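A.B. asks: what would the 3D arrangement of this be:
(one chain, ligands or ions: 4)
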Amino acid sequence: MVPTFSLSIALALFAGRSVSQSTIVPADHGAEVESHVQWISGADGFDGVKVHPINRTTYDWWYFDLVQELDAGVGNQASMSITIRNSGQNGALPNNFTTDNFINLDMTWPNGSAHSWVLMAKDAVITTPEGADGTSGVWLSSGVSFVGAPDLSRYEVYINAPEQGIVGSLFIESQAPAHYPCSPAGAGQDMRVAPGSGWINPIPDGHTEAQFHIFGEEFQIQGRGYHDHNFGDRPLMSTLETYYWGRGRVGPYSIVWIDILTPGGDNHLSAYVSRDGEILVASCEAGSIRARPYGANATYPPLFTSGAPTGFEVDFETPEGLLSLRTETVYLTYEGLPFRQWSGFLTGTLDGEEIPRGVAIWQQSAAAR
Ligand SMILES: *[C@@H]1O[C@H](CO)[C@@H](O)[C@H](O)[C@H]1NC(C)=O
Ligand SMILES: *[C@@H]1O[C@H](CO)[C@@H](O)[C@H](O)[C@H]1NC(C)=O
Ligand SMILES: *[C@@H]1O[C@H](CO)[C@@H](O)[C@H](O)[C@H]1NC(C)=O
Ligand SMILES: *[C@@H]1O[C@H](CO)[C@@H](O)[C@H](O)[C@H]1NC(C)=O
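C.D. replies: Residues are numbered from 1 along each chain as shown. Ligands and ions are numbered 1, 2, ... in the order given. You can find the predicted model right below:
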């Protein structure tokens with residue numbers, strides 16, 4: 001792995017492909033503009049820019065996470081989440097930043113100590129080679145960039161922010177095919193997971209390795225990695241009243257779930273299960289999945305005033321029978337209402353047969369009441 005990354009490497013890489021479309025997202029969207037938002041998928045460009053230009057109420061972001069795959073039990077699990085954003089001040093989340101281009105970075109050491117950063121960027125340069133699905137991006141002056149393989153088989157993320165105490169990189173090698181909220185990858189698919197909110201999943205699950213120097217210490221982990229991409233044509237919080245999201249591995253199965261309530265009270269779902277590179281479930285139909293909290297604080301729907309639940313039970317209807325899963329918390333890795341994020345284990349049964357447990361990351365967003 002390359003511990004540091006320079007713009008020249010990225011440009012050389014982009015230049016190596018004959019025809020590439022680069023989008024420059026300026027740090028400041030300037031006067032009022034209408035964003036153009038792509039909701040229906042094309043034949044290629046899976047992970048490309050979906051919103052352009054950005055305005056005060058729109059957003060487009062590339063999210064990567066990883067969780068350590070070390071069966072060391074409770075009290076020992078590292079994780080990291082990196083969200084590389086283009087967002088107006090009332091797009092993804094309300095903010096007062098002077099730039100539309102920034103990165104949220106959250107990591108947890110194996111012992112549970114956590115750190116968060118927000119890294120500010122100038123312009124962002126985002127490139128999807130002609131005919132490719134993978135995308136690369138450089139968030140100028142932040143030290144953050146990512147490089148996607150044209151066929152989505154691998155992503156690398158680089159962070160070179162020594163003045164913020166973090167330098168290093170990670171890679172994710174896909175082991176689960178890409179999908180949209182209601183379907184496998186393909187042209188003509190709706191990319192909305194709820195009205196006004198796009199969500200696509202280039203890498204539902206893969207082998208990952210990360211190597212960082214953080215405040216002078218080594219952060220080296222191997223485990224399960226994940227990459228998704230969110231975008232919207234209106235403020236995120238106006239489209240979702242509550243949501244549950246999670247992703248993980250259990251036995252040979254790669255799993256992703258979304259269970260949303262809109263402000264109007266509509267329930268939107270997305271369920272994904274794959275095994276050995278084959279998709280078993282990629283559906284948003286009613287009944288395809290059910291995610292609910294269990295144990296202490298198992299309030300549904302979750303409210304601002306609800307405490308953190310013990311965990312979640314998630315059931316999927318699959319062609320092989322009912323996949324019935326339960327999350328077991330190792331760490332509450334992030335808490336900043338309305339959001340909470342956890343890392344831990346996934347256990348469960350398929351058609352009544354127990355499956356070897358795996359690791360997972362999951363979130364909830366609570367209603368503001
Ligand atoms: C941003 O663009 C969206 C989509 O075109 C539009 O609905 C919205 O009114 C625009 N917002 C602002 C603040 O201009
Ligand atoms: C932005 O700044 C204004 C004025 O200082 C403040 O009232 C508001 O709460 C801030 N918003 C956020 C999201 O920080
Ligand atoms: C947890 O581990 C980190 C990284 O080694 C270290 O800096 C921190 O002091 C540890 N925290 C505790 C409470 O031991
Ligand atoms: C339930 O919520 C309370 C209050 O926020 C909190 O102290 C407690 O730790 C939560 N229970 C669990 C299992 O997290």
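A.B. asks: from now on I want contacts and neighbour counts done on CA atoms only, so please keep to that.
C.D. replies: Fine.
A.B. asks: is ligand 3 contacted by the longest strand seen in the chain?
C.D. replies: The residue-count maximum for a strand in the chain (DSSP state E) belongs to strand 197-214. No. Contact between strand 197-214 and ligand 3 is absent, the nearest approach being 8.6 Å (criterion: Cα under 6 Å from any ligand atom).
A.B. asks: now what about the helix or strand where residue 345 lies, what contacts it?
C.D. replies: Following DSSP states H and E, one finds residue 345 within strand 339-350. Where contact means Cα atoms under 8 Å, 6 or more residues apart in numbering, the residues beyond strand 339-350 that reach it are 67, 77, 79, 248-250, 308, 320-335, 354-366.
A.B. asks: and for stretch 107-122?
C.D. replies: Under Cα under 8 Å, 6+ apart, the answer for stretch 107-122 is 26-27, 75-81, 99, 101-106, 139-142, 219, 331, 333.
A.B. asks: need the pLDDT of the residue nearest to residue 199 when sequence neighbours are not counted.
C.D. replies: Distances taken as Cα to Cα, 6 or more residues apart in numbering put residue 230 closest to residue 199, at 4.6 Å, once the chain neighbours are dropped. Note for residue 230: predicted pLDDT of 98.
A.B. asks: now the angle between strand 339-350 and the one helix or strand residue 247 maps to, please.
C.D. replies: Residue 247 is part of strand 242-250, with elements assigned from DSSP H and E. Angle of strand 242-250 versus strand 339-350, following axes from the mean of the first three to the mean of the last three Cα atoms, to 10 degrees, is 50 degrees.
A.B. asks: name the helices or strands packed onto strand 242-250?
C.D. replies: strand 197-214, strand 217-232, strand 253-261, strand 339-350, strand 353-365 (3 or more Cα pairs under 8 Å, 6 or more residues apart in numbering; DSSP states H and E).
A.B. asks: as CSV, those with mean neighbour count and distance to residue 174 would be great.
C.D. replies: As requested, these are arranged in CSV below (neighbours: other Cα atoms under 10 Å; distance: least, Cα to Cα, whole Å):
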stretch, mean neighbour count, distance to residue 174
strand 197-214, 23, 4
strand 217-232, 22, 8
strand 253-261, 23, 11
strand 339-350, 22, 19
strand 353-365, 21, 16
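A.B. asks: enumerate the residues of the stretch 1-150 of the chain near ligand 3.
C.D. replies: Near ligand 3, when you scan the stretch 1-150 of the chain using Cα under 6 Å from any ligand atom, you find 109, 111, 113.
A.B. asks: one step back: by contact count, what packs against the longest strand of the chain?
C.D. replies: strand 166-174, strand 179-180, strand 192-194, strand 217-232, strand 242-250, strand 253-261.
A.B. asks: in its sheet, what does the longest one sit against?
C.D. replies: Right, the one you point to is strand 217-232. Strands adjacent to strand 217-232 in the sheet, as given by DSSP bridges, are strand 59-68 (antiparallel), strand 197-214 (antiparallel).
A.B. asks: who in the chain is up against ligand 1?
C.D. replies: Within the chain, the positions near ligand 1 by Cα under 6 Å from any ligand atom are 32-36, 55-58, 233.
A.B. asks: out of those residues, which is nearest to residue 304?
C.D. replies: Residue 304 lies nearest to residue 57 out of these, by Cα to Cα, at 23.4 Å.
A.B. asks: who's in contact with the closest residue to the closest one other than its chain neighbours?
C.D. replies: In this structure, residue 57 finds its nearest non-sequential neighbour in residue 91, 4.2 Å apart by Cα to Cα, 6+ apart. By Cα under 8 Å, 6+ apart, the residues touching residue 91 are 55-59, 232, 234-236.
A.B. asks: look up how far residue 142 lies from residue 91.
C.D. replies: 20 Å (Cα to Cα, to the nearest Å).
A.B. asks: need the contact list for residue 81.
C.D. replies: By Cα under 8 Å, 6+ apart, the residues touching residue 81 are 63-66, 104-107.
A.B. asks: one more: residue 41?
C.D. replies: Contacts of residue 41 by Cα under 8 Å, 6+ apart are 186-191.
A.B. asks: in TSV: these, plus neighbour count and secondary structure.
C.D. replies: Compiled in TSV, the contacts of residue 41 are given as follows (neighbours: other Cα atoms under 10 Å; DSSP: H, G, I helix; E, B strand; the rest coil):
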residue	neighbour count	secondary structure
186	14	coil
187	13	coil
188	11	coil
189	18	coil
190	17	strand
191	23	coil
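A.B. asks: closest to residue 315 among the residues you listed?
C.D. replies: Using Cα to Cα, residue 191 comes nearest to residue 315 of the contacts of residue 41, at 23.0 Å.
A.B. asks: tell me the pLDDT at the closest one?
C.D. replies: 98.
A.B. asks: which residue is the nearest non-sequential neighbour of residue 357?
C.D. replies: The shortest distance from residue 357 to any non-neighbouring residue, by Cα to Cα, 6+ apart, is to residue 347 (4.6 Å).
A.B. asks: distance-wise, check that neighbour relative to residue 215.
C.D. replies: Here the criterion is Cα to Cα. By it, residue 347 lies 34 Å from residue 215.
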